[in-house]
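Colleague: Need coordinates for the below:
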Amino acid sequence: MAKEDSHTEVFDSVEEKGNSVLADGNKEAGDRSSMLQKEVEGKVDSLVLDEPPEVAKKRKKKSKSKKKKELLEQTDPPSIPIIELFPSGEFPEGEIQQYKDDNVWRMTSEEKRELERLENPIYNSVRQAAEVHRQVRKYIKGILKPGMLMTDLCETLENTVRKLISENGLQAGIAFPTGCSLNWVAAHWTPNSGDKTVLQYDDVMKLDFGTHVDGHIVDCAFTVAFNPMFDPLLEASREATNIGIKESGIDVRLCDVGAAIQEVMESYEVEINGKMFQGILFI
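Modeller: Predicted coordinates for the structure are as follows:
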């Protein structure tokens with residue numbers, strides 16, 4: 001029994017020493033890993049600290065600007081100037097209409113393509129004005145309703161244009177007073193200050209407003225009607241406008257553009273209060 005006890009004590013002693021050595025080894029490995037990590041961090045810190053102040057400043061500026069670009073988007077109602085939404089200064093292109101018939105060569109001629117590229121600064125100004133117009137148009141369509149004072153409508157629209165285009169005298173702003181012609185008034189009517197005209201459910205309104213950048217004007221009008229009775233009329237107006245744009249271009253004859261628009265207009269029939277009308281277009 002005494003011998004067995006002594007063997008047990010020896011084995012216990014060896015096991016304890018083994019555990020102690022293993023623990024010391026783990027501790028040493030952990031210390032080495034910690035030291036290595038601190039050394040790497042120290043080198044990174046020293047690299048950052050050693051870089052010139054100008055480089056550090058640019059690096060911080062880039063990271064901040066990236067965050068801003070990711071977060072910035074238009075508010076509702078719109079209030080952020082378009083130039084801030086496109087900090088590169090390049091504004092989105094609209095739908096490009098190709099030349100037709102005898103003018104197709106303008107797309108293949110290297111000289112014409114180069115001349116077209118030289119106009120890019122002007123096109124970019126037009127695109128800026130067009131993007132303002134698009135966003136204001138979308139906003140106004142969403143808030144239009146019967147019962148609005150026409151003066152309130154015009155003031156809201158024009159103030160929104162001023163914000164988004166960063167109005168600046170003759171360099172950027174509203175191109176002309178807003179037209180909001182009702183019913184039998186074809187175009188170019190705008191309410192004077194103090195006018196109490198109210199938009200009604202059965203009204204047909206032609207809303208016409210323009211924006212400009214550096215004197216380059218974007219002018220666009222659309223028709224508004226709340227009564228579904230006028231839906232075919234609105235569809236005729238849209239299709240006639242689209243065909244007119246498609247037929248337009250350099251060297252085309254205005255009479256040909258007008259004939260294409262008239263053909264679309266006369267293909268539609270509109271029933272209003274039990275009476276059938278054909279070839280009528282509200283613009």
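Colleague: Let me see the domain layout of this protein.
Modeller: 75-90+102-225, 227-283 (automatic domain parsing).
Colleague: Would you reformat the ones you listed as CSV and include mean pLDDT?
Modeller: What follows is the domains of the chain, written out as CSV (pLDDT from 0 to 100):
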stretch, mean pLDDT
domain 75-90+102-225, 95
domain 227-283, 88
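Colleague: where along the stretch 151-283 of the chain do the strands fall?
Modeller: Applying DSSP state E, counting those that start in this stretch to the stretch 151-283 of the chain gives strands spanning 172-174, 179-182, 204-213, 216-225, 269-272, 275-278.
Colleague: among those, which is the most enclosed?
Modeller: Greatest average neighbour count among these goes to strand 204-213 (a mean of 23), per mean count of other C-beta atoms under 10 Å. In short, each C-beta sits where N, CA and C put it, glycine included.
Colleague: TSV for the strands of the stretch 151-283 of the chain, including distance to residue 249?
Modeller: Compiled in TSV, the strands of the stretch 151-283 of the chain are given as follows (distance: least, C-beta to C-beta, whole Å):
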stretch	distance to residue 249
strand 172-174	28
strand 179-182	26
strand 204-213	22
strand 216-225	18
strand 269-272	30
strand 275-278	29
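Colleague: Out of the domains of the chain, which gets nearest to residue 54?
Modeller: Proximity to residue 54 (C-beta to C-beta) singles out domain 75-90+102-225 among the domains of the chain, at 21.7 Å.
Colleague: Endpoints of the closest one, how far apart?
Modeller: 27 Å (C-alpha to C-alpha, to the nearest Å).
Colleague: export the domains of the chain to TSV and tack on distance to residue 96?
Modeller: Listed next are these as TSV, based on distance: least, C-beta to C-beta, whole Å:
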stretch	distance to residue 96
domain 75-90+102-225	10
domain 227-283	11
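Colleague: Okay, and the beta partners of residue 217?
Modeller: Beta-bridge pairing of residue 217 under DSSP bridges involves residue 212.
Colleague: what about the strands of the stretch 151-283 of the chain, which gets the closest to residue 81?
Modeller: Short answer: strand 172-174, nearest of the strands of the stretch 151-283 of the chain by C-beta to C-beta, at 9.6 Å.
Colleague: Show me what that closest one is packed up against.
Modeller: helix 150-165, strand 204-213 (3 or more C-beta pairs under 8 Å, 6 or more residues apart in numbering; DSSP states H and E).
Colleague: if you set the cut-off to 6 Å instead, what comes out?
Modeller: helix 150-165 (3 or more C-beta pairs under 6 Å, 6 or more residues apart in numbering; DSSP states H and E).
Colleague: Please spell out which residues along the helix it packs on are buried.
Modeller: 150-151, 153-154, 156-158, 160-165 (16 or more other C-beta atoms under 10 Å).
Colleague: Quick check: pLDDT value at residue 98.
Modeller: For residue 98, the pLDDT comes out at 83.
Colleague: What residues does residue 135 make contact with?
Modeller: When contacts are counted by C-beta atoms under 6 Å, 6 or more residues apart in numbering, residue 135 touches residue 78.
Colleague: If you could redo that for residue 175, that was the one I meant.
Modeller: With C-beta under 6 Å, 6+ apart, residue 175 has these contacts: 210-212, 217.
Colleague: Go again with 7 Å.
Modeller: For residue 175, the contact set (C-beta atoms under 7 Å, 6 or more residues apart in numbering) comprises 210-212, 217, 219.
Colleague: Would you mind checking which of those residues is nearest to residue 82?
Modeller: residue 211 (9.8 Å).
Colleague: could you measure the residue nearest to the closest one when sequence neighbours are not counted against residue 250, distance?
Modeller: Closest residue to residue 211 apart from its sequence neighbours, by C-beta to C-beta, 6 or more residues apart in numbering: residue 129 at 4.3 Å. To residue 250, residue 129 is 21 Å away according to C-beta to C-beta, to the nearest Å.
Colleague: and those two? which has more neighbours close in?
Modeller: residue 129 (27 against 8; other C-beta atoms under 10 Å).
Colleague: ok but the more buried one is inside a helix, no?
Modeller: Yes: according to DSSP: H, G, I helix; E, B strand; the rest coil, residue 129 belongs to a helix.
Colleague: Quick check: it touching residue 214?
Modeller: No: counting by C-beta atoms under 7 Å, residue 129 stays clear of residue 214, with 8.9 Å between them.
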